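K.L.:
Let me see the structure of the following:
(one chain, ligands or ions: 1)
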Amino acid sequence: MANKKAATARVSSARPTSGAGRGSSQRPRPSRSVASRNGATRRADEPSPFQVARPVSSFEYCRSLIRDVPDFPTPGIVFKDITPLLASPRALHIVLDGIAERFIGEHIDAIVGIEARGFIFGGALAARLNASFVPVRKPGKLPADVDRVDLVTEYSRDALEMHKKSLQEGARVVVVDDVLATGGTASAAATLVRNQGAYVIGYAFVVELTMLGGRERLLPVRVEACIAYPPA
Ligand code: AMP
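P.N.:
Residues are numbered from 1 along each chain as shown. Prediction:
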C-alpha cells in the first residue's frame with residue numbers, strides 16, 4: 001500500500017509524456033508540477049508558499065515608515081516623523097536591536113537620552129544593555145538641582161538640563177536621540193555628561209541627516225546611526 005502511494009506521487013511530479021512535452025514547437029509546453037510539503041502540487045514557476053518574500057532589508061523597511069513633514073516646525077525644515085515607525089513593533093525591534101548589537105559586550109554604565117524622542121529609544125536601550133537611564137531635558141522640567149547648557153539646533157535656540165550628580169565620575173556613557181541633524185543637541189548633552197566627570201564613549205541615533213554635518217561635529221567619538229538621509 002505504501003509503495004503504491006509513493007508510486008502515485010512519483011507519477012504526479014514526472015514530466016508529461018505527451019507530444020507537447022516531446023519537443024512540439026507548435027503547442028505550449030505544460031508547466032512541470034512539483035510536489036509541495038503538504039502533498040499538493042503546484043506549477044514549477046509558481047512561488048513556493050514556504051518562500052518568504054523579503055524584497056527590502058530591515059532598515060529599508062524602517063525607512064519606509066519614516067514620514068517627511070515639510071515646513072515643520074518652521075518653514076524650510078523637512079521634519080522626519082518617526083511615529084509610523086514607532087507604531088510598528090517589528091520596526092521598533094529592528095532599530096533597537098540594530099543599535100544595541102553595536103554596543104553589546106562593551107562596558108556601558110549609562111544611557112543618556114535626550115528629550116523627548118530620545119527617551120523612547122534611550123530607555124529601551126538602557127534595558128537591553130543593562131545600563132542606567134539618565135534623562136536630559138528641556139529647561140524647567142527636572143524637579144531637583146540641575147546642570148544647564150545652552151544650544152542651537154537645526155531649527156531652534158534652546159538649553160538642556162540634567163540633574164546634578166546623575167553620573168558617577170568616570171562613568172562610560174552613550175548619548176541617544178532619534179535624529180542627528182547639526183549635532184548641536186547631542187554635543188550639548190555630551191557637555192553635560194563631561195561636566196559631571198563622565199565619558200561619552202558613543203552616540204546612537206535612529207536617523208542621521210548626513211548633509212548637516214552632525215557626525216563631523218561629534219567626532220572623534222564614535223557615532224552609530226541606523227538610517228541615513230539621503231540614502232547612500
Ligand atoms: P541637531 O541639534 O541639529 O542635531 O538636532 C537634533 C535634535 O532636533 C533632535 O532632538 C531631533 O529630534 C530634532 N531634529 C532636528 N532636525 C530634525 C528633523 N529634520 N526632523 C526631526 N527631528 C529633528
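K.L.:
what residues are up against the most centrally placed residue in the chain?
P.N.:
The C-alpha lying nearest the average C-alpha coordinate of the chain belongs to residue 95 (C-alpha atoms, centre = their mean; 2.4 Å). Under the criterion of C-beta atoms under 8 Å, 6 or more residues apart in numbering, the neighbours of residue 95 are 59, 62, 85, 121, 206, 226, 227. In short, each C-beta sits where N, CA and C put it, glycine included.
K.L.:
Next one, pLDDT for residue 162 please.
P.N.:
Turning to residue 162, the model gives it a pLDDT of 98.
K.L.:
Not counting sequence-adjacent ones, nearest residue to it?
P.N.:
With sequence-adjacent residues excluded and distances taken as C-beta to C-beta, 6 or more residues apart in numbering, residue 162 is closest to residue 192, at 4.4 Å.
K.L.:
tell me the domain boundaries of this structure?
P.N.:
If you go by automatic domain parsing, the domain ranges for the chain are 2-43, 56-229.
K.L.:
JSON lines for those, including distance to the ligand?
P.N.:
Converted to JSON lines, the domains of the chain look like this (distance: least, C-beta to the nearest ligand atom, whole Å):
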{"stretch": "domain 2-43", "distance to the ligand": "47"}
{"stretch": "domain 56-229", "distance to the ligand": "3"}
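K.L.:
Could you check how far the residue nearest to the centre of the chain is from residue 139?
P.N.:
Counting by C-beta to C-beta, to the nearest Å, the gap between residue 95 and residue 139 amounts to 29 Å.
K.L.:
Now rank the contacts of residue 95 by neighbours and give me the top one.
P.N.:
In terms of neighbour count, residue 206 stands highest of the contacts of residue 95 at 29 neighbours, by other C-beta atoms under 10 Å.
K.L.:
list the contacts for it?
P.N.:
Taking C-beta under 8 Å, 6+ apart, one finds 62, 82, 85, 95, 99, 121, 178, 179, 225, 226, 227 in contact with residue 206.
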